[in-house]
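[1] no sequence on hand, only this structure:
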Ligand code: NAD
């Protein structure tokens, strides 16, 4: 477990950063009740990842949609930001944090109040029509249907996050790269560093001279190679401790 001097050091590094950024993965939302995809309690232990295969979704939406709805709308809608999300919101609000680059699709950083959120894999709370391209906010649609259809001309609606077989949104990837080159301190929270090409963002930051603080319940691909300060523990608990230290 992380010791007090490490928390004090993290607070000091964050306070003196010139261009602070954060890079988050599924682990930041676990304490909000959103499970990761992989690992012991991962979503793919209970569901077939094939539901997020784009060509299958296009061809057989009536098979994929009920499962997609259950995971990403019925379950995600119960989730609220935890102390880690709120800490990042505090850091942006107080002018320290320039952006959050997230691999998550749960919208919890925005719910916590962050405005500069780069969504590397999209956002489940938006849906896009595969026919006309228009995007709709999930709260404005009735999604407990057999297959969601576009209010315009009835095209198939797809959650606006990356399915298997899709490429990363160009805008998000370009913005993430620019942030990685600008930052002098990046905080990694709850990410394995195994999902490509997102995993390259912290590497780009390190190669551009940034220091790295990593918060995770377990060591990752990054820990030995990139990390300057590893804080072992749950994202919300560790962020809560740093937050308290910074307010002392
Ligand atoms: P991942 O790379 O996002 O790994 C999850 C990491 O979180 C692991 O390193 C794990 O040790 C760590 N972790 C778990 N609980 C934690 C906690 N309480 N505090 C801190 N760290 C914790 O891997 P994945 O789950 O396979 O995800 C694959 C991709 O899918 C990623 O891009 C991920 O962001 C995305 N995803 C997003 C969500 C979401 O939007 N909430 C949920 C599942 C997956």
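    That came through, no problem. The model shown is predicted, which means the values in this text are computed figures rather than measured ones. Numbers count the residues shown, from 1 in each chain.

[2] outline the domain layout of the protein.
    1-34+79-121+169-248, 35-76+124-161 (automatic domain parsing).

[3] for residue 62, give me its contacts.
    146-147 (C-beta atoms under 8 Å, 6 or more residues apart in numbering). Backbone N, C-alpha and C define where each C-beta goes, glycine included.

[4] quick one on the thing from earlier: what's the least confident stretch among the domains of the chain?
    Least confidently modelled of the domains of the chain is domain 35-76+124-161, at a mean of 92 by mean pLDDT.

[5] run through the residues of the chain sitting next to the ligand.
    Within the chain, the positions adjacent to the ligand are 25-27, 29-31, 34, 36-38, 103-106, 121, 190-192, 194-195, 198, 216-218, 220, 234-235 by C-beta under 6 Å from any ligand atom.

[6] what about those residues, which are in strands?
    Those of the residues of the chain next to the ligand mapping onto strands are residue 216, per DSSP state E.

[7] which among the residues of the chain next to the ligand count as buried?
    Neighbour-count burial (16 or more other C-beta atoms under 10 Å) applied to these gives 25-27, 29-31, 34, 36, 103-106, 121, 190-192, 198, 216, 220, 234-235.

[8] the chain: strands as residue ranges?
    Under DSSP E, the chain gives strands at 20-24, 97-102, 117-119, 122-129, 135-137, 157-161, 185-189, 211-216, 229-232.

[9] contacting residues around the closest residue to the ligand within the chain?
    Taking C-beta to the nearest ligand atom, the ligand has its nearest neighbour within the chain at residue 27, 2.3 Å off. Residue 27 sits next to 36, 189-191, 216-217, 235 when contact means C-beta under 8 Å, 6+ apart.

[10] if we go to 10 Å?
    When contacts are counted by C-beta atoms under 10 Å, 6 or more residues apart in numbering, residue 27 touches 34, 36, 39, 84, 104, 188-192, 215-218, 220, 234-235.

[11] and what of residue 221?
    Contacts for residue 221 (C-beta under 10 Å, 6+ apart) come out as 191-194, 199, 202-203.

[12] nearest residue to the middle of this protein?
    Centroid check for the chain by C-alpha atoms, centre = their mean gives residue 104 as the closest residue, at 2.4 Å.

[13] that one against residue 124, yeah?
    Yes - applying C-beta atoms under 10 Å as the test, residue 104 and residue 124 come out as touching, 9.2 Å apart.

[14] ok so, going back, and the two most separated of the contacts of residue 221?
    192 and 203 (13.5 Å; C-beta to C-beta).

[15] who touches stretch 132-144?
    65-66, 68-70, 72-74, 76-77, 107, 123-129, 148-155, 157, 159-160.

[16] and the helices in this structure?
    4-16, 54-59, 61-69, 83-93, 108-112, 170-182, 200-207, 221-225, 235-247 (DSSP state H).
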